[in-house]
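Asker: Got a sequence here, can you model it:
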Amino acid sequence: MAKLRLSAPKNDKPVKVTVESPATAHKDLVVYADYLNSQPSQSHLSGE
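Answerer: You can find the predicted model right below:
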């Protein structure tokens, strides 16, 4: 397998990335998002 080489971007051109993940990962992320949305706002922690 080839090694992944990361470096500084040569320009600011946007790129499109597609990621495939199992349906269970999506379900877990939706549950987590619902949990976060049910929590009281803590805007002082996010720097807003």
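Asker: Helices of the protein, start to end?
Answerer: Applying DSSP state H to the chain gives helices spanning 23-38, 43-46.
Asker: Spatially central, which residue of this protein would that be?
Answerer: Nearest to the mean C-alpha position of the chain, by CA atoms, centre = their mean, lies Leu29 at 10.1 Å.
Asker: From Asp12, how far off is that one?
Answerer: 28 Å (CB to CB, to the nearest Å). For the C-beta atoms, the positions are set from N, CA and C on the backbone; glycine is no exception.
Asker: pull the helix or strand with minimum mean pLDDT from this protein.
Answerer: Ranked by mean pLDDT, DSSP states H and E, the weakest helix or strand in the chain is helix 43-46, scoring a mean of 58.
Asker: related to what we said a few turns ago, show me which of the helices of the chain has the highest average neighbour count.
Answerer: With neighbours taken as mean count of other CB atoms under 10 Å, the helices of the chain reach their highest mean count in helix 23-38, at a mean of 9.
Asker: CA atoms only for that one, dumped as CSV, please.
Answerer: C-alpha atoms of helix 23-38 as CSV (Å, rounded to 0.1, in the frame of the first residue of the first chain):
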residue,chain,number,x,y,z
ALA,A,23,-25.4,3.1,7.7
THR,A,24,-24.9,2.4,11.4
ALA,A,25,-22.3,5.2,11.5
HIS,A,26,-24.9,7.6,10.1
LYS,A,27,-27.4,6.5,12.6
ASP,A,28,-25.0,7.0,15.5
LEU,A,29,-24.1,10.5,14.2
VAL,A,30,-27.8,11.4,14.0
VAL,A,31,-28.4,10.3,17.6
TYR,A,32,-25.3,12.2,18.7
ALA,A,33,-26.5,15.4,16.9
ASP,A,34,-30.0,15.0,18.5
TYR,A,35,-28.3,14.7,21.9
LEU,A,36,-26.2,17.8,21.3
ASN,A,37,-29.2,19.8,20.2
SER,A,38,-31.1,18.9,23.3
